[in-house]
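> structure for the following, please:
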Amino acid sequence: MNKNRQTLIAEVGRATQAYQRATDGFDDEVGRRLELNGSDLRCLDWLTERALSTGDLAALTGLSGAATTALLDRLEQKGYVRRVRDAVDRRKVVVELTPDGAAKVGELYGPLAREGARLLSPFTDAELEKMRAFLLQAAQLVDRHRARLRQPAAAAGTSRKR
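Numbering: from 1, shown residues only. The predicted structure is shown next:
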């Protein structure tokens, strides 16, 4: 790999870190405004895409079943979510955003999303496809390493001798 490419890859890495820090800072401020913690916000983020079961949310957050129930109780009490019977399998309960919850979240994230969409307007469809592919692969990479960190120390090869 030539030096210019190494430099560019390092610069992309630093730009990615700067973006992650900015996003974390923005999410922290949204959490302060809505009086929610990081797990609460991530839960609402997933629910903006679709209703999910409690088990799905536990897996996504990495929380225990009891902790996920407590999280959902908090969000339900504040009016952000509701538990409803699944439309297909009436025995199953799913969690969805309430209209008020969606409005509160949208009020804070909407302007950022709209301005972010405008940032993408100068790019060609081919460039946007490459960006999308990169971001999806990067998310999968991070998820794999998060799963690795969740493994017990012995399974990860870092057991200590006593």
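> now residue 85, nearest residue through space, not along the chain?
Counting by C-beta to C-beta, 6 or more residues apart in numbering, residue 93 is the residue found nearest to residue 85 once chain neighbours are left out, at 6.3 Å. From N, CA and C alone the C-beta is placed, and that goes for glycine too.
> tell me the contacts of the one you found?
53, 54, 83, 84, 85, 86 (C-beta atoms under 8 Å, 6 or more residues apart in numbering).
> next, give phi and psi for it.
phi -110, psi 130 (degrees, to the nearest 10).
> ok, residue 96 next?
phi -140, psi 160.
> grab the nearest non-local neighbour of it.
Using C-beta to C-beta, 6+ apart and skipping the chain neighbours, the partner closest in space to residue 96 is residue 51 (3.9 Å).
> pretty sure that neighbour contacts residue 94?
Yes - between residue 51 and residue 94 there is a contact under C-beta atoms under 8 Å: 4.2 Å.
> between the two, what contacts are shared?
Common neighbours of residue 51 and residue 94 (C-beta under 8 Å, 6+ apart) are 84, 86.
> low pLDDT regions in the chain?
For the chain, the stretches with pLDDT under 70 are 1, 153-162.
> tell me how it divides into domains.
3-122, 123-156 (automatic domain parsing).
> run the chain-centre distance for the longest one.
In terms of C-alpha atoms, centre = their mean, to the nearest Å, the centre of domain 3-122 is found 5 Å from the chain centre.
> now stretch 130-144
Relative to the chain's own centre, stretch 130-144 is displaced by 13 Å; criterion: C-alpha atoms, centre = their mean.
> how about it, which residues are buried there?
Buried positions in stretch 130-144, judged by neighbour count with 16 or more other C-beta atoms under 10 Å: none.
> remind me, longest helix of this protein?
Using DSSP state H to define each element, the chain has its longest helix at helix 3-34.
> now do the helices in this structure.
3-34, 38-47, 54-61, 65-77, 99-119, 125-150.
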